[in-house]
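[1] pasting the sequence and the predicted model now:
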Amino acid sequence: MESQVLIVLALLIGSLAATVPVFIALFFAGMAGLMLAGIDAQIVVEVLYGSMDKFALIVVLFFVLCGNIMTSGSIVQKLIKTADALVGFLPGGLAVAGVLACGFFGAISGSTVATVVAIGGFMIPALIKHGYDPEFSVGLMTTAPVLGVVIPPSISMILYAMISNDSLESLFLTGFVPGVLIIIAMSIYAGLFCRNRGQQTRTRPTLKELLAVLRESIWALLLPLLIFGGIYSGIFTANEAAVVACFYAFIVEIFIHKDMRLRDVKNVVVSSAITSATLLVIVSGASVFGEYLTFERIPDQIAQAVMGSVQSPWVFLLAVNVLLLVVGMFMDIISATLILTPIFLPLLSRFGIDSLHFGLIMTLNLGIGYCTPPLGVSLYISGAVADRNLLYVSRAVLPFLLIQIALLMLLTYVPDLVLWLPRLVYG
């Protein structure tokens, strides 16, 4: 049996090393494992159907659509303009505004990649144009979009809750305090860096100017308020919130902002369908591989091996953080969440770790992986925007990665920072 497991793992790793698409590598490795174990191939059909026949996935699909609507219209520009009006007069003001804009956009889109494309694609050229250090600008706007998965709604949190059976609303609440800490830490570093470089600041806007910007952006700013206000007031569920957000964004962009035409709707829907289909095939491929892991009782074997060698929850969490940071360099957050969550869950109760706390740690870890060399997706997106090579972007992100990893350690070993808000709301 051990030889069969080694063959399957070799097939998976070899496929990924050969740049085979992740979902294909997972699907065929899982299917090969099941066939080697003598399982009827019919079960693969059942697993594929069952993996996508989940109501929770509706949230993912509609938040993808909502993010595309905002990117196609002017909501993103209005969020950036608002952030600039609020903090643009501070040292490194435009850079701080970029971080804050990532937080605003993350509170609607749920995706790091979408945040890099929408905010980074606009802010990197703007920062360089206004005299900010190019390497600093690229590094900041490559790493700040981790807020897209930390601040809810988060696609990876949705998938984690689907597997762990945790309350999605409670899991969402774990992301607010970490998100604010990331915004504060990165903003402080940006301000100090720019002040030491002698970056000029602009004058503070008058109250009249600030109110004018807020009035212009009010419909964009009401979107996250609508989502979270509706969820936590009990008016609608997280699933329903995603649908409401889409309709709201469509109405605002078409009839109020008038920056999207009715004929643009088709392109937005088709683009969202392609993105959603990509997510679904990854879910299905990971589910087949997960079925093989479950059949071979690999999660239980790993749990027993870990319990036999690691006794301290501190050491366990440190080992998990290192593992997830490495995995995040090579695997996208969706696949990693779907594969690793069932492996780690049996260990949490044995070490007395809250699954909500662990969900946030896992999400932040894998989010950092998006901007970690050598295969972080955000590195390539920012490199294309700034017309810089991978080595340049990798060097640019290093100081910001250190900040985020330091915060990750803080959140890992001070769980009250993560769990305070869920406990406050739900007791």
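    Okay, I see it. Numbers count the residues shown, from 1 in each chain.
[2] give me the low-pLDDT residue ranges for the stretch 301-427 of the chain?
    Residue ranges of the stretch 301-427 of the chain with pLDDT under 70: 302-308, 375, 427.
[3] same question, the stretch 1-150 of the chain
    Applying pLDDT under 70 to the stretch 1-150 of the chain flags residues 1-2, 55-56.
[4] tell me the centre residue of the chain?
    For the chain, residue 149 is the residue whose C-alpha lies nearest the centre (C-alpha atoms, centre = their mean; 2.6 Å).
[5] so how far is residue 326 from it?
    Computed as C-beta to C-beta, to the nearest Å, the residue 149 to residue 326 distance reads 18 Å. Any C-beta I mention is one placed from the backbone N, CA and C, and that applies to glycine too.
[6] repeat for residue 352
    25 Å.
[7] give me the contacts around stretch 325-338.
    Stretch 325-338 has contacts (C-beta atoms under 8 Å, 6 or more residues apart in numbering) with 16, 22-23, 26, 112, 149, 155-156, 159-160, 163, 279, 282-283, 285-287, 290, 324, 339-340, 362-363, 365-370, 372-377, 405.
[8] which of these fall in helices?
    Counting by DSSP state H, the part of these found in helices is 16, 22-23, 26, 112, 149, 155-156, 159-160, 163, 279, 282-283, 285-287, 290, 324, 339-340, 362-363, 365-369, 377, 405.
[9] so for residue 352 and residue 326, which sits in the more crowded spot?
    Set side by side, residue 352 and residue 326 show more neighbours around residue 326, with 13 against 7, by other C-beta atoms under 10 Å.
[10] pull out the buried residues from the helix or strand hosting the more buried one.
    Using DSSP states H and E, residue 326 falls within helix 313-330. Residues of helix 313-330 classed as buried by neighbour count (16 or more other C-beta atoms under 10 Å): 316, 317, 320, 321, 324, 325, 327, 328, 329, 330.
[11] send me that helix as PDB with only the CA atoms.
    Taking Å, rounded to 0.1, in the frame of the first residue of the first chain, the C-alpha atoms of helix 313-330 are listed here in PDB:
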ATOM      1  CA  PRO A 313       0.700  23.100  20.000                       C
ATOM      2  CA  TRP A 314       3.200  25.900  19.600                       C
ATOM      3  CA  VAL A 315       5.600  23.600  17.700                       C
ATOM      4  CA  PHE A 316       2.700  22.200  15.600                       C
ATOM      5  CA  LEU A 317       1.600  25.600  14.600                       C
ATOM      6  CA  LEU A 318       5.100  26.700  13.700                       C
ATOM      7  CA  ALA A 319       5.500  23.600  11.600                       C
ATOM      8  CA  VAL A 320       2.200  24.200   9.900                       C
ATOM      9  CA  ASN A 321       3.100  27.800   9.100                       C
ATOM     10  CA  VAL A 322       6.400  26.800   7.500                       C
ATOM     11  CA  LEU A 323       4.600  24.100   5.500                       C
ATOM     12  CA  LEU A 324       1.800  26.400   4.300                       C
ATOM     13  CA  LEU A 325       4.200  29.100   3.300                       C
ATOM     14  CA  VAL A 326       6.200  26.600   1.200                       C
ATOM     15  CA  VAL A 327       3.000  25.200  -0.300                       C
ATOM     16  CA  GLY A 328       1.800  28.700  -1.100                       C
ATOM     17  CA  MET A 329       4.800  29.300  -3.200                       C
ATOM     18  CA  PHE A 330       3.900  26.500  -5.600                       C
END
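[12] and it, how far from the chain's centre?
    In terms of C-alpha atoms, centre = their mean, to the nearest Å, the centre of helix 313-330 is found 17 Å from the chain centre.
[13] cool, stretch 224-241 as well?
    With C-alpha atoms, centre = their mean, you get 20 Å for stretch 224-241.
[14] average model confidence for it?
    Here stretch 224-241 scores 81 as its mean pLDDT.
[15] switch the buried residues of helix 313-330 over to a markdown table; also include distance to residue 78.
    Output for the buried residues of helix 313-330, formatted as a markdown table (distance: C-beta to C-beta, whole Å):
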| residue | distance to residue 78 |
| --- | --- |
| 316 | 45 |
| 317 | 40 |
| 320 | 39 |
| 321 | 37 |
| 324 | 35 |
| 325 | 35 |
| 327 | 36 |
| 328 | 32 |
| 329 | 35 |
| 330 | 37 |
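[16] which of those residues lies closest to residue 49?
    residue 327 (27.8 Å; C-beta to C-beta).
[17] state the distance from the closest one to residue 368.
    In this view, residue 327 and residue 368 are 11 Å apart by C-beta to C-beta.
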